[in-house]
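J.: Just need the structure, nothing else, for what follows:
(chains A and B)
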Amino acid sequence: MNIIVCIKQVPNTTDVRIDPVTNTLIRDGVESVINPFDAYAIEEAVRLKERCGGKVTAVTMGPPQAETALKEAIGLGCDEAVLVSDRKFAGSDTWATSYTLACAIEKLEAYDVIICGKQASDGDTAQVGPGISTHLDIPQVTYVKKIVEINDKSARVERMTEEGYDVVEVPLPCLFTVVKEINTPRMPSLKGMMRAKSAKIAKWTAADLDADPAALGLDGSPTRVVKIFTPEARKGGEMISGSTDEVAKELVELLKGEVV
Amino acid sequence: MDYLLTESQIMIRDLARKIAQEKIKPVAAQYDESEEFAWPIMKVLAESDLFGVYLPEQYGGLGGGILDMCLVTEELSRACGGIALGYAGTGLGTLPILLHGSEEQKKKYLPDIASGKRLAAFCITEAEAGSDAGSIKTTARKEGNKYILNGTKQWITNAGEAEIYTVIALTDKAKGVRGASAFIVEKGTKGMEFGKKEKKMGIRASATREVIFTDCEVPAENLISREGMGFIVAMKTLDTSRPGVAAQAVGIAQGALDCALDYSRTRVQFGAPISSFQAIQHMLADMGTQVEAARALAYSVARLVDSGAKSVSKESAMAKLFASDVAMKVAVDAVQIMGGYGYMRDYPAEKFMRDAKITQIYEGTNQIQRNVIAANMIKETLKK
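T.: Numbering: from 1, shown residues only, chains lettered A, B, ... in the order given. Take a look at the predicted model:
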């Protein structure tokens, strides 16, 4: 089974600050880590490989330093890794990013399953995984919490919902985004880390992809971030005390005084 | 302090630290209380390849040495000295095979130990043979192509949990210690049983039991080295493993110091954090200096062992003696700095103090270490 896992390198979320002027993340001095949700995607991909055989290829789009995230992925059990990196990709929104990743995935050999974390801890959009499957025109199941059954034709998975879960059967190839309930990621292994140290990471630029140049980067991005701001903290509520009747009366008066 | 570790040693230390802080620290108190053996943690250590750091690559290890093992033991002990002992005790049980085993024995046992699939244990101590290890009574009688073992080993670390036991027994009672031999006995061998689990002051996540042999038949090929070499195998094993006890002690001391230092910065009395008081500062300074000195000695002796030095008895005794005395003192001081909080079982300081005590006792009491050190010093002057 050929498994692809898409990951993103993000600033360590325990220490995120926003520049109040430019509304962008302050990356200086902040450690970069694999997006926490992607760690579950890597673990599930490696478990699938252990269950069904095959190999896992980790793919990321990002600046050159994102190579460390891919090496870490190899240390965690991925077999190969591709870094998709080019200045032409700068400013990509989720649409352009998922298009670029889809182009890279099409360049890889035939795949059975693509796994992504449900969302990235910096952007929190949860759009790139579904975007990739849309560009590739394959089925997607988001918020997967368990892969119950899988063979080379189809999979049956449990998909988390607010009230419980759906059981979904899906033909392969397909894309899953996974939630943290799906597994407990393993610790890296020394042998994996040694392998990662000497592993060669494939590096692809825009020229390596069969992509429409107009659909890449900022120019290929239909959305713009207009403003990021911290909402004002809500004022504390008002406590009304007294007997039930008194409280009800006072509440009605208060509500009348407002717009209601 | 920078100990000029290699790139792979730094990787090993950092991974052991990550596992200790993320996986062991949160459960240390719970295992201390329940006295259960921490199998889930052993599994994590196994999957991370830490059991193989000091074993040769041809047997599935990573090709490092005792220093690599010490780095792991220290980091694990910094979170829990008891859980760390599942790891370190396996090292002790493995050394007789690594140091004196035949090629066949190494091929058969080391890969499973390196992968963490099976734990090991070393069995020498008996009810009447502690410091006086020469007075063991367990016997191994040769019959055809097997040995028949009889006797009871006491206070065996990892007993019942481990699957590979290296056992010292007398093949020739008349010859005393020169009649001792070392054997590999696998768990499940008929005639091998375990006694009840001992209740201990500290290192309570570690399993300690009797190992009882009653007409236990062991294949002759499980003899390590030759008949009569048992005591030499045991002494060489202990010389090699003592830097590991030193590392455990350094880890416990560092863990206790970490608690005390954190506490002193947040505990406010007389309107200021107690870390601003000279009385506390001087205690912390002494503790920090002692821990670093113990670490420096432990690493130096581990390097000496790894260099292939012929005799390391004196030096490894020094490392074990010094580091374990430091661990006890630093842990007592950590409790003192934390006052009433230090004495409460809701905080980890008192556990470090209970765990520290054993390092002054096992693998040779510190009084025995002093005997070894002095005997070697005197022997050296006679050679001149």
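J.: from here on, contacts and neighbour counts on C-alpha atoms
T.: OK.
J.: Spell out which parts of the stretch 101-250 of chain A neighbour chain B.
T.: When proximity is defined as Cα under 8 Å from any Cα of the partner chain, the stretch 101-250 of chain A approaches chain B at A:186-191.
J.: now with 10 Å?
T.: The stretch 101-250 of chain A comes close to chain B at residues A:186-194, as judged by Cα under 10 Å from any Cα of the partner chain.
J.: if you look at those, which of them are in strands?
T.: Counting by DSSP state E, no part of these is found in strands.
J.: out of those, which are buried?
T.: Buried members of these, counted by 16 or more other Cα atoms under 10 Å in any protein chain shown: A:187-194.
J.: from these, which single one is nearest chain B?
T.: Relative to chain B, the closest of these is A:Ser189; by Cα to the nearest Cα it sits at 3.7 Å.
J.: Where do the helices of chain A begin and end?
T.: A:36-52, A:67-75, A:94-107, A:128-136, A:190-198, A:244-257 (DSSP state H).
J.: if you average pLDDT over the third one, what comes out?
T.: Read that as helix A:94-107. Averaging pLDDT along helix A:94-107 gives 95.
J.: if we can go back for a sec, among the helices of chain A, show me which one is buried the most.
T.: helix A:67-75 (a mean of 24; mean count of other Cα atoms under 10 Å in any protein chain shown).
J.: ok, and the closest non-adjacent residue to B:Asp355?
T.: Among residues not flanking B:Asp355 along the chain, B:Gly202 sits closest, at 4.4 Å (Cα to Cα, 6 or more residues apart in numbering or on different chains).
J.: residue contacts, residue 144?
T.: You didn't say which chain, so I picked chain A. A:115, A:117-118, A:157-161, A:165-168, A:176-182 (Cα atoms under 10 Å, 6 or more residues apart in numbering or on different chains).
J.: think we crossed wires, I meant chain B
T.: Contacts of B:Gly144 (Cα under 10 Å, 6+ apart): B:219-220.
J.: Look up how far chain A lies from it.
T.: For B:Gly144, the distance to chain A equals 43 Å [Cα to the nearest Cα, to the nearest Å].
J.: Which pLDDT does the model give that residue?
T.: At B:Gly144, pLDDT is 96.
J.: which residues does the residue in chain B that chain A sits nearest to contact?
T.: Nearest residue of chain B to chain A (Cα to the nearest Cα) works out as B:Ser48 at 3.7 Å. Shown in contact with B:Ser48 (Cα under 10 Å, 6+ apart): A:76, A:186-193, B:12, B:15-16, B:19, B:42, B:115-116.
J.: per-residue pLDDT, it?
T.: Looking at B:Ser48, its pLDDT reads 95.
J.: Spatially nearest residue to it (excluding sequence neighbours)?
T.: B:Ser48's closest residue in space is A:Ser189 (Cα to Cα, 6+ apart), at 3.7 Å.
J.: How about the contacts made by the one you found?
T.: By Cα under 10 Å, 6+ apart, the contact list for A:Ser189 reads A:75-77, A:195, B:12, B:15, B:44-50.
J.: Neighbours of the closest residue to A:Ala81 other than its chain neighbours, how many?
T.: Spatial nearest neighbour of A:Ala81, excluding adjacent residues (Cα to Cα, 6+ apart): A:Ala58 at 4.5 Å. Neighbour count for A:Ala58, taken as other Cα atoms under 10 Å in any protein chain shown: 26.
J.: ok, A:Ala58 touching A:Leu83?
T.: Yes. Taking Cα atoms under 10 Å as the definition, A:Ala58 is a contact partner of A:Leu83 at 8.5 Å.
J.: Show me whatever sits in contact with both of these two.
T.: By Cα under 10 Å, 6+ apart, A:Ala58 and A:Leu83 have these common neighbours: A:69-70, A:201.
J.: ok so, going back, please name the residues that touch the residue nearest to A:Ala81.
T.: With Cα under 10 Å, 6+ apart, A:Ala58 has these contacts: A:3-7, A:42, A:45, A:69-71, A:73-74, A:77-83, A:114-115, A:201.
J.: surely the residue nearest to B:Asp355 meets B:Ala28?
T.: No. Between B:Gly202 and B:Ala28 there is no contact, the gap being 11.8 Å when judged by Cα under 10 Å.
J.: any idea how far the residue positioned nearest the centre of chain A is from chain B?
T.: The centroid of chain A falls nearest to A:Gln119 when counting by Cα atoms, centre = their mean (3.4 Å). When distance is defined by Cα to the nearest Cα, A:Gln119 is 24 Å away from chain B.
J.: which residue packs closest to that residue, ignoring adjacent ones?
T.: Counting by Cα to Cα, 6+ apart, A:Ala126 is the residue found nearest to A:Gln119 once chain neighbours are left out, at 4.1 Å.
J.: Give me the pLDDT value at that neighbour.
T.: pLDDT, the model's per-residue confidence, is 92 for A:Ala126.
J.: Give the burial count for it, as a bare number.
T.: For A:Ala126, using other Cα under 10 Å, the count is 18.
J.: so B:Tyr54 touches B:Tyr87, yeah?
T.: No. Counting by Cα under 10 Å, B:Tyr54 stays clear of B:Tyr87, with 12.0 Å between them.
J.: more neighbours, the two?
T.: Between B:Tyr54 and B:Tyr87, counted using other Cα under 10 Å, the more crowded position is B:Tyr87 (25 against 22).
J.: Tell me the secondary structure at that one.
T.: helix (DSSP: H, G, I helix; E, B strand; the rest coil).
J.: Can you list the buried residues in stretch B:287-296?
T.: Of the residues in stretch B:287-296, B:287-288, B:290-296 count as buried by neighbour count, 16+ other Cα under 10 Å.
J.: Can you list the residue ranges for strands in the stretch 251-384 of chain B?
T.: Taking DSSP state E, counting those that start in this stretch as the criterion, the stretch 251-384 of chain B carries its strands at B:268-269, B:272-273.
J.: Against which helices or strands is the first one packed?
T.: What that stands for is strand B:268-269. Applying 3 or more Cα pairs under 10 Å, 6 or more residues apart in numbering or on different chains; DSSP states H and E, one finds that strand B:268-269 contacts no other helix or strand.
J.: Sheet partners, orientation included, of that strand?
T.: Strand B:268-269 pairs in its sheet with strand B:272-273 (antiparallel), by DSSP bridges.
J.: So which residues make contact with the partner strand?
T.: Around strand B:272-273, the neighbours that count as contacts under Cα under 10 Å, 6+ apart are B:263-267.
J.: ok, 6 Å please
T.: B:265-267 (Cα atoms under 6 Å, 6 or more residues apart in numbering or on different chains).
J.: same check, this time on stretch A:197-205
T.: Residues contacting stretch A:197-205 (Cα under 6 Å, 6+ apart): A:81-86.
J.: just stretch B:118-138 next, same as before
T.: B:89-90, B:93, B:112, B:150-151, B:153-154, B:158, B:162-169, B:177.
J.: Take the residues you listed and keep only those in helices.
T.: Short answer: these in helices (DSSP H) are B:89-90, B:93, B:112.
J.: Quick one: which of the residues you listed is the most crowded by neighbours?
T.: That'd be B:Gly93 among the ones in helices among the contacts of stretch B:118-138, by other Cα under 10 Å, with 26 neighbours.
J.: That one: what's it in contact with?
T.: Here B:Gly93 is in contact with B:120-122, B:166 (Cα under 6 Å, 6+ apart).
J.: okay, now the residue lying closest to B:Gly255 once chain neighbours are set aside: neighbour count?
T.: Of all residues not flanking B:Gly255 in the chain, B:Arg78 sits nearest, at 4.4 Å (Cα to Cα, 6+ apart). If you count neighbours by other Cα under 10 Å, B:Arg78 ends up with 27.
J.: Kindly report the same for the one 3 residues further on.
T.: In terms of burial, B:Gly81 registers 34 neighbours under the definition other Cα under 10 Å.
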